[in-house]
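**Student:** A structural model of the following input is requested.
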Amino acid sequence: MARGRRLLEVGAFVAVYVGLGEALDMNPNVYLVAGIPLVAAFQLLVARRPLRALWVRDAPAFVLTPRVALVGALLAVVPVVMLVIDATKDAPVALYLWDLAALAGAFVAAWALTQFTERTLRLLGLCLVTAVPIGLFWLVGVELLDDAFFHRAADEPSFDLLVFGQYLFLYFPSVFVMEEVVFRGALDSHVQHEGERHGLLTAIYISVLWGLWHIPVRGHEPIVALVVVMGTTGILLSIFWRRSGNLGVSGGAHAFMDSVRNGFGNFPA
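**Tutor:** Okay, the predicted model is just below:
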C-alpha cells in the first residue's frame, strides 16, 4: 500500500476521533476509553494487522502463561484499588470504564514485559533519559520558569513520591489500551514500515496529530502549544517504539513522565 494513502488514513482516523470528542463533548475519561474500539477497528480493518502487534510488533500469538498471569496480577493491583475507591465515591461511569480498561491493560502490559530483552531494556533507558526530560520541561519546568521570571509568589516545588508511585502503576497498564497504543502501536506502525525512508518526517507527522488529538480535552490551550508540547516528546516516543518494537518502551516513558508531573501536583486540567 502506498505511504501517501496510509498518511491520509491515519489523518482521517484522528480527524474522526477528534470530531467525535468535540461533537459529543466528551470528558477526558470518556474520550480515552472511546479510543479502544476505534483503534481495534483501525488495526483490524484498515491496517489489517493482528491486535498483538499493537503491543509487541513482531511477537508470537498472545498466550496467558503463568508468568504473564503473575506479572499481570501484580500490575492489576493499583487499578483494582482505584476501582474500589471510585465505587465507594459513587464516581461517574466513565471513571469506572477507565479503571476497567487499565485493569485489562495490566495483562497486556505483562505480556509485553515478558518479551523484553537486554536490548529492549537498553532502549527503555535511552527513552527515559531523552524523551522524559523534554516532556517534563513542558509539563513542569515551563510553569516554574514562568513564576520565577514574573516574580510570582509560588509555593516551593515539592514532589510526592507516593503520588508518583500510585500513578506510575496506574498509567503504565493504561497506556497499553489508551492513547499511547493509539499513536505509537497503531498509527505510527501504519505510517512507517520497516525499511522505509523519511522516518523523521513521519514521526513528526504522528506527533503533530497527537498534539491535535488533545483538542477536545485541552481546548483551553492554544493549538500551537499542544502541537509543540506533544510533538517534541512524541517524535522520540515514535523513534524508540520503532527501534524496540515493544510498547513497554515508549509507553513506559510516557507513563513515567505523566507520573512525575502528577508527583509535582501538576495534574492535567
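**Student:** how many other residues sit next to L95?
**Tutor:** 19 (other Cβ atoms under 10 Å). Placement of C-beta: from N, CA and C, glycine included.
**Student:** Find the helix or strand that L113 is a member of.
**Tutor:** helix 93-114 (DSSP states H and E).
**Student:** CA atoms of that helix as CSV?
**Tutor:** Provided in CSV are the C-alpha atoms of helix 93-114 (Å, rounded to 0.1, in the frame of the first residue of the first chain):
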residue,chain,number,x,y,z
VAL,A,93,-19.5,5.6,35.0
ALA,A,94,-16.7,6.9,32.7
LEU,A,95,-14.2,6.6,35.6
TYR,A,96,-15.3,3.0,36.2
LEU,A,97,-14.7,2.3,32.5
TRP,A,98,-11.2,3.9,32.7
ASP,A,99,-10.3,1.8,35.7
LEU,A,100,-11.6,-1.4,34.0
ALA,A,101,-9.6,-0.5,30.8
ALA,A,102,-6.4,-0.1,32.9
LEU,A,103,-7.2,-3.4,34.6
ALA,A,104,-7.4,-5.2,31.3
GLY,A,105,-4.2,-3.4,30.1
ALA,A,106,-2.3,-4.9,33.1
PHE,A,107,-2.3,-8.3,31.5
VAL,A,108,-1.4,-7.0,28.0
ALA,A,109,1.4,-4.9,29.7
ALA,A,110,2.6,-8.1,31.5
TRP,A,111,2.8,-10.0,28.2
ALA,A,112,4.8,-7.2,26.6
LEU,A,113,7.2,-7.1,29.6
THR,A,114,7.8,-10.9,29.2
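**Student:** what is the rounded mean pLDDT of it?
**Tutor:** The pLDDT scores in helix 93-114 average 94.
**Student:** tell me which strands and helices that helix is in contact with?
**Tutor:** helix 28-41, helix 66-75, helix 77-88, helix 161-174, helix 247-263 (3 or more Cβ pairs under 8 Å, 6 or more residues apart in numbering; DSSP states H and E).
**Student:** and the fourth one with helix 77-88, angle?
**Tutor:** Looking back up the chat, that one is helix 161-174. Here helix 161-174 runs at an angle of 100 degrees relative to helix 77-88 (axes from the mean of the first three to the mean of the last three Cα atoms, to 10 degrees).
**Student:** just checking, what packs against helix 161-174?
**Tutor:** Helix 161-174 packs on helix 66-75, helix 77-88, helix 93-114, helix 247-263, going by 3+ Cβ pairs under 8 Å, 6+ apart.
**Student:** ranking these by burial, who's on top?
**Tutor:** helix 247-263 (a mean of 24; mean count of other Cβ atoms under 10 Å).
**Student:** Put the alpha carbons of that helix into PDB.
**Tutor:** The C-alpha trace of helix 247-263 is given here as PDB (Å, rounded to 0.1, in the frame of the first residue of the first chain):
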ATOM      1  CA  LEU A 247       5.100  -0.600  23.600                       C
ATOM      2  CA  GLY A 248       6.700  -1.100  27.100                       C
ATOM      3  CA  VAL A 249       9.500   1.300  25.900                       C
ATOM      4  CA  SER A 250       7.500   4.300  24.600                       C
ATOM      5  CA  GLY A 251       4.600   3.600  26.900                       C
ATOM      6  CA  GLY A 252       6.800   3.200  29.900                       C
ATOM      7  CA  ALA A 253       8.400   6.500  29.300                       C
ATOM      8  CA  HIS A 254       5.000   8.100  28.700                       C
ATOM      9  CA  ALA A 255       3.600   6.700  31.900                       C
ATOM     10  CA  PHE A 256       6.800   7.700  33.900                       C
ATOM     11  CA  MET A 257       6.700  11.300  32.500                       C
ATOM     12  CA  ASP A 258       3.000  11.800  33.400                       C
ATOM     13  CA  SER A 259       3.500  10.300  36.800                       C
ATOM     14  CA  VAL A 260       6.400  12.700  37.600                       C
ATOM     15  CA  ARG A 261       4.100  15.500  36.500                       C
ATOM     16  CA  ASN A 262       1.400  14.400  38.900                       C
ATOM     17  CA  GLY A 263       4.000  13.900  41.700                       C
END
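**Student:** Counting by contacts, list what that helix packs against.
**Tutor:** So helix 247-263, by 3+ Cβ pairs under 8 Å, 6+ apart, packs with helix 93-114, helix 118-136, helix 161-174, helix 180, helix 223-244.
**Student:** got the contact list for W98?
**Tutor:** 29, 32-33, 174, 178 (Cβ atoms under 8 Å, 6 or more residues apart in numbering).
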